[in-house]
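Trainee: sequence isn't available, so here's the structure alone:
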Ligand SMILES: Cc1ncc(COP(=O)(O)O)c(C=O)c1O
């Protein structure tokens, strides 16, 4: 079925039969998927048009990232965050997750890394992948909001700890860290002579109008030389299957060490992937504001069902819901029996919680919320 361009966000698009990871997971069972982080919205027409134009050429060979991609990305960073980065600071990657792992591979096996949790589950494999020790440090819940516990991080720090990994905005807790929090983290990084890897993939998805995304290397420039910041347009524009990411690394030595790990570890960026991302980085239309309006409305409706079980969300379309009071033995089975496919918090390093992806058209959300209401009342 051909999808018309400029598809309204509230149009339900049948995704079954498209090999969608999200929609094929539960086969023929009557389970609505609210798990993996992709949205049930059509990608914007300017992205689809750029892809169609590229497909007019019949060969999709190995591809170089053109200067126009880098320039589009630089312009996008200035437009959204007022951050001017030099061309040479940018390293193109076939995804954010490879970038996280490459960063850890720059370390030696006698060093360790620190990761605040709960966190997007591929973070939890970084240490083992890079053969370095991994110290997990819990985020703490303060007045319904998840925060980094810098004092506790200081206590957990080992002599050999060299690198801290964060997601900002945070997945799965939906925090967009404030300037004060980033300053405290930056001080911790500097005082302890550490490096920081910040995964900023959700940077445009600011749900709370009072919150903002601050890339730490720009917000606290004193630590820029200690940072690797990872960006991608793929979440915002719903093209996660066309992954393409950029690492911004101001320090030349760190950048060289990072780039050296690319060899044999990660592949290049596919031609369709960088064409799509370039179209996103050049976007100045109202597509993202419209998306945020839809996501805010969905979030408010979810709030009415999940209530105080859900922690305060400032960013992302992923709600974090505490279901410990339900006393469930098998969280997955419980929600699946109510026709809901959600992410189990255990995957992110914290049991007794679920992550609920609310980026879908109203009709899908209506059905999901009816099922959620029932599942939380039993
Ligand atoms: C925090 C975070 N980082 C990275 C990714 C995935 O990035 P990529 O597909 O570019 O590897 C996701 C996807 O959900 C995410 O939430």
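Mentor: Looks like it arrived, so ask away. As the structure is a computational prediction, the values presented were derived from the model and not from experiment.
Trainee: quick one: neighbours of residue 179, just the number.
Mentor: Neighbourhood size, residue 179 [other C-beta atoms under 10 Å]: 12. Yep, even glycine has a C-beta here, placed from its N, CA and C like the rest.
Trainee: please disregard the earlier target; I meant residue 12.
Mentor: Residue 12 - counted by other C-beta under 10 Å - has 11 other residues nearby.
Trainee: mind pulling up the pLDDT for it?
Mentor: Here the pLDDT value assigned to residue 12 is 95.
Trainee: that one should be in a helix, yeah?
Mentor: No. According to DSSP: H, G, I helix; E, B strand; the rest coil, the state of residue 12 is coil, so it is not within a helix.
Trainee: which residues touch it?
Mentor: By C-beta atoms under 8 Å, 6 or more residues apart in numbering, the contact set of residue 12 is 40, 361, 363, 364.
Trainee: does residue 90 touch residue 70 like I think?
Mentor: Yes. With contacts defined as C-beta atoms under 8 Å, residue 90 counts as touching residue 70 at a distance of 5.7 Å.
Trainee: hmm, back to that, strands - which of the contacts of residue 12 land there?
Mentor: Among the contacts of residue 12, none falls in strands (DSSP state E).
Trainee: quick check on the residues you listed: which are buried?
Mentor: Among the contacts of residue 12, those classed as buried by 16 or more other C-beta atoms under 10 Å are 40, 361, 364.
Trainee: who in the stretch 201-350 of the chain is up against the ligand?
Mentor: 201, 232, 234, 240, 243, 245 (C-beta under 6 Å from any ligand atom).
Trainee: and if you look at the stretch 1-150 of the chain?
Mentor: Within the stretch 1-150 of the chain, the positions adjacent to the ligand are 37, 95, 96, 97, 120 by C-beta under 6 Å from any ligand atom.
Trainee: possible to save these as CSV with neighbour count, secondary structure and distance to residue 21?
Mentor: Putting those into CSV (neighbours: other C-beta atoms under 10 Å; DSSP: H, G, I helix; E, B strand; the rest coil; distance: C-beta to C-beta, whole Å) gives the following:
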residue, neighbour count, secondary structure, distance to residue 21
37, 22, coil, 10
95, 21, coil, 15
96, 25, helix, 17
97, 21, helix, 14
120, 25, coil, 15
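Trainee: quick check: domain ranges of the protein?
Mentor: 21-44+286-377, 67-281 (automatic domain parsing).
Trainee: now tabulate the ones you listed in TSV and tack on mean pLDDT.
Mentor: Shown next, in TSV, are these (pLDDT from 0 to 100):
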stretch	mean pLDDT
domain 21-44+286-377	97
domain 67-281	97
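Trainee: ok, stretch 167-184 near the ligand or not?
Mentor: Yes. Applying C-beta under 6 Å from any ligand atom, one finds stretch 167-184 touching the ligand at 167, 171.
Trainee: end-to-end on that stretch?
Mentor: Terminal residues of stretch 167-184 are spaced 16 Å apart (C-alpha to C-alpha, to the nearest Å).
Trainee: buried set for it?
Mentor: Buried residues in stretch 167-184 (16+ other C-beta under 10 Å): 167-177, 181-184.
Trainee: how far does that stretch sit from its chain's centre?
Mentor: 12 Å (C-alpha atoms, centre = their mean, to the nearest Å).
Trainee: can I get the residues of the stretch 201-350 of the chain next to the ligand in TSV with secondary structure and neighbour count?
Mentor: Below are these laid out as TSV (DSSP: H, G, I helix; E, B strand; the rest coil; neighbours: other C-beta atoms under 10 Å):
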residue	secondary structure	neighbour count
201	coil	26
232	coil	27
234	coil	24
240	coil	18
243	coil	19
245	strand	24
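Trainee: now flag whichever of the residues you listed is closest to residue 333.
Mentor: residue 240 (27.3 Å; C-beta to C-beta).
Trainee: correct me if wrong: the closest one contacts residue 37.
Mentor: Yes. Counting by C-beta under 8 Å, residue 240 touches residue 37, with 7.1 Å between them.
Trainee: picking up where we left off before, so can I have TSV of the buried ones among the contacts of residue 12 showing distance to residue 57?
Mentor: Output for the buried ones among the contacts of residue 12, formatted as TSV (distance: C-beta to C-beta, whole Å):
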residue	distance to residue 57
40	31
361	34
364	36
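Trainee: what about the residues you listed, which are in helices?
Mentor: Residues of those located in helices (DSSP state H): residue 364.
Trainee: ok, the buried ones among the contacts of residue 12 vs residue 31, which is closest?
Mentor: When the buried ones among the contacts of residue 12 are compared for distance to residue 31 (C-beta to C-beta), residue 364 wins out at 12.4 Å.
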